[in-house]
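J.: Sequence first, predicted model second:
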Amino acid sequence: MRDQLVTERLGYAGLIPFYGAVLGFAVFTDYPQSLSVQAFIVYSLAILCFLSGALWGQAGHAAGKEQILRRIVSNGIVLYAVAAVLTAQAMVAAVLLMLGFLCLLWYEHRLGDMALWYGRLRFRLTLGVVIAHLMYVGLHLRVG
């Protein structure tokens, strides 16, 4: 139970930088605004890669071909996320990263071996991440 509570608190705390960067993008101009843009994209990349690493770690509990497939998907998501950022277009990168979060959630749920509480937490956190990305894209459209 204690591990579950720590996981939940860390997960929700992990949303703070997303929304902080969106806020910075909304209220600042010039350098602080561009720093907020970079922070949002880099943090999104980091979290998507972190979640992919967790999938890699879970692969050890799978059998045979499923273990290999999980590791391939984990690596594929990281490569996809890096390629998204390499577009060097913040709004495009944000949309692609958001799609990466959604695809990872879909894949994890398809596996069906998550604890119920963790599956719910992952859904809520991904929803929070997607909302932050949509806000970010909306601000980009308004500013750009």
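T.: Great, that's in hand. Residues are numbered from 1 along each chain as shown.

J.: What segments of the chain are helices?
T.: Using DSSP state H, the helices assigned to the chain run over residues 2-13, 16-27, 30-59, 64-85, 90-111, 116-143.

J.: how about JSON lines for these, with mean neighbour count and mean pLDDT added?
T.: Heads up, the C-betas are built off the backbone N, CA and C, glycines and all. Formatted as JSON lines, the helices of the chain follow (neighbours: other CB atoms under 10 Å; pLDDT from 0 to 100):
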{"stretch": "helix 2-13", "mean neighbour count": "11", "mean pLDDT": "95"}
{"stretch": "helix 16-27", "mean neighbour count": "17", "mean pLDDT": "98"}
{"stretch": "helix 30-59", "mean neighbour count": "17", "mean pLDDT": "95"}
{"stretch": "helix 64-85", "mean neighbour count": "16", "mean pLDDT": "94"}
{"stretch": "helix 90-111", "mean neighbour count": "18", "mean pLDDT": "96"}
{"stretch": "helix 116-143", "mean neighbour count": "16", "mean pLDDT": "95"}
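
J.: list the contacts for Tyr107?
T.: Tyr107 makes contacts with 55, 73, as judged by CB atoms under 8 Å, 6 or more residues apart in numbering.

J.: same deal with the one 10 residues further on?
T.: Residues counted as contacts of Trp117 (CB under 8 Å, 6+ apart) are Gln4.

J.: Could you measure from it over to Met1?
T.: Applying CB to CB, to the nearest Å, the value for Trp117 to Met1 is 10 Å.

J.: for Phe25, same thing?
T.: Computed as CB to CB, the Phe25 to Met1 distance reads 38 Å.

J.: cool, and Ala88?
T.: The span separating Ala88 from Met1 equals 45 Å under the rule CB to CB.

J.: what's the answer for Val92, then?
T.: According to CB to CB, Val92 stands 42 Å off from Met1.

J.: And Asn75, by the same measure?
T.: On the measure of CB to CB, Asn75 and Met1 end up 33 Å apart.

J.: cool, and Gly100?
T.: As it turns out, when the distance is counted by CB to CB, Gly100 lies 31 Å from Met1.
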